[in-house]
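Student: how does the following fold in three dimensions:
(chains A and B)
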There are 2 protein chains.
Amino acid sequence: MSSHAVSIVRQLMASEAYRTALATLSAQHDRTVEDIIALTQIPAPSFQEENRARAFLAMAEAHGLKNLEIDAEGNVTGLRPGIGNGPLICVAAHLDTVFPAGTDVTVRREGTRLFAPGVGDDTRSLAVLLAWLRAMDTAGVRTRADILFVADVGEEGPGDLRGMRHLFQQGPYKDRIGAFITVDSPDMDRIATGGVGSKRYRVTFKGPGGHSYGAFGLVNPMFAMADAIARLGRVAVPASPKTTYSASVTGGGTSINSIPNSVWTEFDLRSEAPGELAKLEATFLDLIDRSVAAENAARSTQNGPIGAEVLKIGDRPAGHTDETNDLVRLAHAAISAHGFQPGFAYSSTDANIPMSLGIPAIKIGSGGTGGRGHSLEEWIDVAPEPSVRGMAAGLATLLAVAGIG
Amino acid sequence: MSSHAVSIVRQLMASEAYRTALATLSAQHDRTVEDIIALTQIPAPSFQEENRARAFLAMAEAHGLKNLEIDAEGNVTGLRPGIGNGPLICVAAHLDTVFPAGTDVTVRREGTRLFAPGVGDDTRSLAVLLAWLRAMDTAGVRTRADILFVADVGEEGPGDLRGMRHLFQQGPYKDRIGAFITVDSPDMDRIATGGVGSKRYRVTFKGPGGHSYGAFGLVNPMFAMADAIARLGRVAVPASPKTTYSASVTGGGTSINSIPNSVWTEFDLRSEAPGELAKLEATFLDLIDRSVAAENAARSTQNGPIGAEVLKIGDRPAGHTDETNDLVRLAHAAISAHGFQPGFAYSSTDANIPMSLGIPAIKIGSGGTGGRGHSLEEWIDVAPEPSVRGMAAGLATLLAVAGIG
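Tutor: Model prediction:
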């Protein structure tokens, strides 16, 4: 641990400004919980974040952000001006959830637990950004660096990081951001310094189709697809560097009494290591070919064979921020100083984009606990003490990086 | 071949009435083709037959049918009164197609071929019923028996023969129908005297779900489902009695970066022989269990295991009309007398219901040729000579069974 970073954090935490901010986070915790519930109950599937973006913008309006607006891609951005000429620090949480339109996003509360799809990933973090703004306003905090607050679109699956790509490659702040912090999911015990790379495919298996009874014996693309998925399920991947795969979403077919013309599945392949990802991708593409060939050999192709259309629908760059970077050291010191024991980890988040561009970037947690992200049983715990302590650790990270006057 | 049946048909075909009817079918063939095109271009997925039913009813209105109406289930029914007290003869074609709403049903014409989903199965037959009515009207044919004309709903897959079940078990004509002829698809060379039995299932594989990367290693219902489908694809079934299976329609999943909570597939199992069907069904149910167990053994169940919900969504009774029955003998004689060489076959059609109730029933063709039923490349050929000859053979069947004065 860097003693320089530790001393900066110690000095920060001794300041009147930090103590007032912490007291505000604590005093206004119920309001933060209300914000979490309100935002969670606005559905925000990737590409349909607009209602939630407008709600977030309205909630942020009280905080005197400069140029608070929704950018061309749909991100909410607002600048909290600093007092000096430090680099622009960007802090973000993502608006979108993995859950399709129509999913029941009503929050169920049991004691200090909130249950709802998306409540922890990443809606809680949106409310935490608002809590930080209120705490900084109340404490009269003036940072040296300008801080760009972002509630961004397209972090999940099909969004393919479109919000971040726009921010860093096209929007008005491109080339100005010197450091990036994304707040994503509750866990405080892992600082993501690595961005897991991913390849995503939609594979459509096509064939001649026909009547399920009259044309029985013709090739059926469902059998080719099932064989491909089953083969993928038998692929061995290393636990370290962590490498994973999933067959995630599927569809297709004409009717129950038809051999389908077309069926499809979407696949997610990931690895911490570019080499392992490339190897898994090659294995995957090969097993698609083998499954198609096996079906064409197993049944009749007299009306035409099975074929597979392989479409790459996601390609997230891997990246890494060195653990000796000031951003990482200050985050580690600030989070440790709040009683957590953060380790370094890989994840696949908005931070992948700046990491891949060589801009220091990390992912930190939003505080409290939670689990079952990406499942319908997703939950968070908003018990005040660990929640406020987590939020304070995150705010201390931001203030240490931005510097206070 | 029954010489009695042959002589009845010979006498019929020598009559002025038959000859005028035949000349009318030939003279109005272009109109019949127009009717095929018009009806084909009205989408009619099972359970959404209403628009096509109303169009058919309007087209039938000119023909003086008694009690022409849409019944409580959605079938168009109309009675052509006879002159005597013969049994009620029912002739039917089905309104619905296997193609889901949104399928392009525009008819493409190339020479004498018409290409469109549903054009042959069974839209052409609807137009043939209208052509028969016009031919009988023009020829002034009076039959001994009353003839009930039916354009029925729910013949395909999920419809599960609901139109026929209503007609024979609940509607105003139940217990009155003495013989049943369904006109289904062009083929004249097969008279279906047997009804293939079928069992249809929707199987939903469920599991705990989770993040595709963070929760990698948990059981994934997609792997269980793929294994089940792949196992089904390896099941050996007899060519005779013909026994078949299909994995036909699939869906499910949360997002590309989630292990799905739930995925499903619909399966179609059929056999000419009740014993083989029962055996296939048992094998199928067993392989679902095995696939679920295999996935629960292959990956972690720490957040819960995979399970399968097995829902029976279709159960069509098998049945058979003896080849010595008058209905079969007259149909065979009439169709043979028009230059076809009809064999007896099994199929799964509206005739299954009366067959299973012990009511003599057959399926005959609508004439002409066609192919690729239940695929998007479905086609028929409307070249006049074979088309009119087929229609005439069907009409002769109907008149021979109903008797003419």
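Student: show me the contacts for the closest residue to residue A:6 other than its chain neighbours.
Tutor: Nearest non-adjacent residue to residue A:6, counting by Cβ to Cβ, 6 or more residues apart in numbering or on different chains: residue A:333, 4.7 Å away. Heads up, the C-betas are built off the backbone N, CA and C, glycines and all. Applying Cβ atoms under 8 Å, 6 or more residues apart in numbering or on different chains, we find residue A:333 in contact with A:1-2, A:5-6, A:8-9, A:400.
Student: repeat that with 10 Å
Tutor: A:1-10, A:12, A:342, A:396-397, A:400 (Cβ atoms under 10 Å, 6 or more residues apart in numbering or on different chains).
Student: how close does it get to chain B?
Tutor: Residue A:333 sits 26 Å away from chain B, going by Cβ to the nearest Cβ, to the nearest Å.
Student: can you tell me the helix or strand for residue A:199?
Tutor: strand A:197-206 (DSSP states H and E).
Student: quick one: list the elements packing against that strand.
Tutor: Applying 3 or more Cβ pairs under 10 Å, 6 or more residues apart in numbering or on different chains; DSSP states H and E, one finds that strand A:197-206 contacts helix A:221-233, strand A:243-252, strand A:262-271, helix A:274-298, strand A:307-316, helix A:352-356.
Student: that older thread, nearest to chain B among the contacts of residue A:333?
Tutor: Using Cβ to the nearest Cβ, residue A:342 comes nearest to chain B of the contacts of residue A:333, at 16.9 Å.
Student: if we can go back for a sec, export the helices and strands packed on strand A:197-206 to TSV and tack on distance to residue B:41?
Tutor: Below are the helices and strands packed on strand A:197-206 laid out as TSV (distance: least, Cβ to Cβ, whole Å):
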stretch	distance to residue B:41
helix A:221-233	28
strand A:243-252	25
strand A:262-271	23
helix A:274-298	34
strand A:307-316	29
helix A:352-356	49
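Student: out of those, which is closest to residue A:32?
Tutor: Comparing the helices and strands packed on strand A:197-206 against residue A:32 with Cβ to Cβ, the closest turns out to be helix A:352-356 (26.8 Å).
Student: packing partners for the closest one?
Tutor: Using 3+ Cβ pairs under 10 Å, 6+ apart as the test, helix A:352-356 ends up in contact with helix A:162-169, strand A:177-183, strand A:190-195, strand A:197-206, strand A:307-316, strand A:319-320, strand A:361-364.
Student: same list, those, but as TSV with mean pLDDT and mean neighbour count please.
Tutor: Below are the helices and strands packed on helix A:352-356 laid out as TSV (pLDDT from 0 to 100; neighbours: other Cβ atoms under 10 Å in any protein chain shown):
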stretch	mean pLDDT	mean neighbour count
helix A:162-169	97	23
strand A:177-183	98	24
strand A:190-195	95	24
strand A:197-206	96	22
strand A:307-316	95	15
strand A:319-320	88	19
strand A:361-364	98	29
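Student: now residue A:301. Nearest residue, chain neighbours left out?
Tutor: Residue A:301 sits nearest to residue A:219 (Cβ to Cβ, 6+ apart), 5.7 Å away.
Student: distance of residue A:395 from chain B?
Tutor: 25 Å.
Student: okay, and that residue sits in which element?
Tutor: Going by DSSP H and E, residue A:395 is part of helix A:384-402.
Student: let me know the outermost residue of chain A.
Tutor: In chain A, the residue that sits farthest from the middle, by Cα atoms, centre = their mean, is residue A:214; the gap is 48.2 Å.
Student: helix/strand/coil for that one?
Tutor: Secondary structure assignment for residue A:214 (DSSP: H, G, I helix; E, B strand; the rest coil): coil.
Student: residues contacting it?
Tutor: A:257, A:259, B:121, B:185, B:187, B:242, B:244, B:347-348, B:373-374.
Student: highest neighbour count among those residues?
Tutor: residue A:259 (32 neighbours; other Cβ atoms under 10 Å in any protein chain shown).
Student: show me what contacts it?
Tutor: A:207-223, A:253, A:299, A:303, B:244, B:246-248, B:268, B:374-375.
Student: again, only this time at 6 Å
Tutor: A:209-210, A:212, A:215, A:218, A:220, B:246 (Cβ atoms under 6 Å, 6 or more residues apart in numbering or on different chains).
Student: what lines up beside the helix-or-strand element of chain A with minimal mean pLDDT in the sheet?
Tutor: Ranked by mean pLDDT, DSSP states H and E, the weakest helix or strand in chain A is strand A:319-320, scoring a mean of 88. Strand A:319-320 has its sheet partners listed here by DSSP bridges as strand A:190-195 (antiparallel).
Student: before we move on, the earlier item: show me which residues of the helix or strand just after the least confident helix or strand of chain A are buried.
Tutor: Following strand A:319-320 in sequence order, the next helix or strand is helix A:326-336 (DSSP H and E). Using 16 or more other Cβ atoms under 10 Å in any protein chain shown as the test for burial, helix A:326-336 gives A:327-336.
Student: same thing with stretch A:376-395?
Tutor: A:376-382, A:386-395.
Student: quick one: contacts of that stretch?
Tutor: Residues contacting stretch A:376-395 (Cβ under 6 Å, 6+ apart): A:22, A:25-26, A:29, A:33, A:112-115, A:117, A:119-120, A:124, A:128, A:131-132, A:186, A:188, A:334-335, A:338, A:364, A:367-372, B:261.
Student: and if you look at stretch A:295-305?
Tutor: With contacts defined as Cβ under 6 Å, 6+ apart, stretch A:295-305 is touched by A:208, A:217-219, A:223-224, A:306.
Student: what is the nearest of those residues to chain B?
Tutor: Looking across the contacts of stretch A:295-305 and measuring by Cβ to the nearest Cβ, the closest to chain B is residue A:223, at 4.0 Å.
Student: you'd agree the closest one is up against residue B:233?
Tutor: Yes: assessed by Cβ atoms under 6 Å, residue A:223 is found in contact with residue B:233 at 4.0 Å.
Student: show the buried residues in the contacts of stretch A:376-395.
Tutor: By neighbour count, with 16+ other Cβ under 10 Å, those hold A:22, A:25-26, A:29, A:33, A:113-115, A:117, A:119-120, A:124, A:128, A:131-132, A:186, A:188, A:334-335, A:338, A:364, A:367-372, B:261 as buried.
Student: okay, and which of the residues you listed map to strands?
Tutor: Residues of the buried ones among the contacts of stretch A:376-395 located in strands (DSSP state E): A:113-115, A:364, A:369-371.
Student: would residue A:109 count as being in a strand?
Tutor: Yes: according to three-state DSSP, residue A:109 belongs to a strand.
Student: ok, it - how many residues close by?
Tutor: Residue A:109: 12 neighbours (other Cβ under 10 Å).
Student: now do residue A:322
Tutor: What residue A:322 shows, counting by other Cβ under 10 Å, is a neighbour count of 9.
Student: got the contact list for residue A:75?
Tutor: A:150, A:152-153, A:163.
Student: go with 10 Å
Tutor: A:49, A:53, A:69, A:92, A:94-95, A:150-154, A:162-164, A:166-167, A:171, A:173.
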